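> Curious how this folds, go ahead:
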Amino acid sequence: MNLRRGRRLRVTPASNAKGKLAKALGHGGAAVRPRDEKPGGRCRLFVGNLPASTGEEELRRLFSEHGEVQETFLNAEKGFGFVKMASYEAAEAAKAALDDAPVDGRRIQVRFATQGTCLSVRNLGPWVSNELLESAFSIFGEVERAVVIVDDRGRSVGEGIVEFARKPAAQAALKRCLEGCFLLTSEPRPVWAEPLEYRDWVLGLPERTVSRRGRGYARERELGPRFARPGTQEHRVAERWKRFLDFEKDKREELEKVLNEERRKLEEEVERFRREQVLERPFPPWQDGPHDQYASYLGYDTGYLGYPPQYGAGWNHRSPY
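Okay, here's the model as predicted:
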C-alpha cells in the first residue's frame, strides 16, 4: 500500500473488481473484450445498383478481395444487398475500391449501412468507463463495442457509444432506457439513449458521387471558390448569411448557459439528497457519529472510498497508515 499526496491508494485485483461490478449490476456480467480482438463496429456495407445476374457467391467473392467477409445478404430482384466485413479497416477498403466500380455493365454503389445496432448515450457520470458501459448494457444482448467519449485531456464528456451485435438488442435497450431510469453508478443519474446518427467523416463526398441531375449542379458550378467583392449584391447577401450565423451562435451559447445552470442546480439538489441519505443511515461499529459517517462517504478521513474492507480491535480509522 503506497501513499500519494497524503492519501492511501487501493489496488483491487481485476477478478475481484469484475465480480463486484457484476453483483452491482444484478447480473452475471459480460467479459471485457481483449484488447487485440477487433470490434465489429461499422463493418456492414450497403451495396446498390447490382445487376440482376449477380449471385450471392459472386457478391462474396467481389468483397473478399479486400478482406474477410462474415455475412452477405442479396435481394436480386431489387438489385441491392448487404455485406458484413470482419473489421472496419476491411469495410473501409472495400468501400473505397468498389464504390462506383463497374460490374456487368453497371456501376454499383457501396456505402456504410445505417447502424441500427448503435446507440448514442448521454448523461454519463465522470466515473463511467468503457468497461462499465459495456457490462451495463450487456444485459440487453451481446455488446460488440462500448466507448466513453473523452476530451483532449482524457476526461469524460458525459457521452458514449454502445454498439450491439444484433438490432433487437439495441431496440430493447433503447425502449427500456426511454421508459425507465437506467442508472450506472450510485448517483441517481439516468442514462439518456437514442439511435446513433451515422456521419462519414473519413471518405466524405467525392466528386464522382455528387448528383448531376437537374439544373442545380450546373448552376452552382458556374463560379468557383472566391471571396465576395465588397459593394456587390453577392457581398450583401453573404453578409446577411454571416449575421444569421452569428445570431445562431449567440442563441446556442445562451441556451447552453441556461442548460448548464439548470444542470448545476439539479446536481446540487441530488448531492443534498445523497448527504441526507447518508446521515440517516445507522452508524457502523467503526464510526463514532454523523461526521465520521459522512467523511467515510466522501472517502477523506479513512482514506477509503467507502467502508474499509476490515475493521476491529487495533484498527484506527483516523490513522493515515
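> what about Leu183, distance to Val128?
11 Å (Cβ to Cβ, to the nearest Å). Any C-beta I mention is one placed from the backbone N, CA and C, and that applies to glycine too.
> Could you do Pro168 as well?
25 Å.
> Between these two, tell me which one has more neighbours.
Set Pro168 next to Val128 and count neighbours by other Cβ atoms under 10 Å: Val128 wins out with 22 against 12.
> List the contacts of the more buried one.
Residues in contact with Val128 (Cβ atoms under 8 Å, 6 or more residues apart in numbering) are 148, 156, 160, 184-185.
> Report the secondary structure element holding it.
Assigned by DSSP states H and E, Val128 belongs to no helix or strand.
> Quick check, pLDDT for it.
Note for Val128: predicted pLDDT of 95.
> again with the one 5 residues further on
pLDDT, Leu133: 96.
> Just say helix, strand or coil for it.
Following DSSP: H, G, I helix; E, B strand; the rest coil, the label given to Leu133 is helix.
> Which helix or which strand is home to the residue lying closest to it once chain neighbours are set aside?
Spatial nearest neighbour of Leu133, excluding adjacent residues (Cβ to Cβ, 6 or more residues apart in numbering): Ala146 at 4.3 Å. When elements are assigned from DSSP H and E, Ala146 belongs to strand 143-150.
> Name the residues of that strand that are buried.
Buried residues in strand 143-150, counted by 16 or more other Cβ atoms under 10 Å: 143-148.
> Greatest separation within these: which pair is it?
Glu144 and Val148 (15.6 Å; Cβ to Cβ).
> Please list only the buried members of the contacts of Val128.
148, 156, 160, 184.
> For the second one, what are phi and psi?
Spelled out, it's Ser156. Backbone torsions of Ser156, given as degrees, to the nearest 10, read phi -60, psi 140.
> and the helix or strand that comes right after the strand holding Ala146, which strands flank it?
Scanning forward in sequence from strand 143-150 by DSSP H and E, the next helix or strand is strand 156-164. Paired neighbours of strand 156-164 in the sheet (DSSP bridges): strand 118-122 (antiparallel), strand 143-150 (antiparallel).
> Could you check how far strand 156-164 is from the centre of its chain?
Distance of strand 156-164 from its chain centroid, counting by Cα atoms, centre = their mean, to the nearest Å, is 2 Å.
> Now it - C-alpha only, PDB.
Only the C-alpha atoms of strand 156-164 are listed here, as PDB (Å, rounded to 0.1, in the frame of the first residue of the first chain):
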ATOM      1  CA  SER A 156     -15.200  12.100 -20.000                       C
ATOM      2  CA  VAL A 157     -17.600  14.500 -21.800                       C
ATOM      3  CA  GLY A 158     -20.600  12.600 -20.400                       C
ATOM      4  CA  GLU A 159     -21.400  10.900 -23.800                       C
ATOM      5  CA  GLY A 160     -20.700   7.500 -25.300                       C
ATOM      6  CA  ILE A 161     -21.500   5.000 -28.000                       C
ATOM      7  CA  VAL A 162     -22.800   1.400 -27.500                       C
ATOM      8  CA  GLU A 163     -22.900  -1.000 -30.400                       C
ATOM      9  CA  PHE A 164     -24.800  -4.300 -30.200                       C
END
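> So which residues of this structure form helices?
With DSSP state H, the ranges of helices along the chain come out as 14-25, 56-64, 88-98, 130-137, 167-179, 216-220, 233-279, 290-298.
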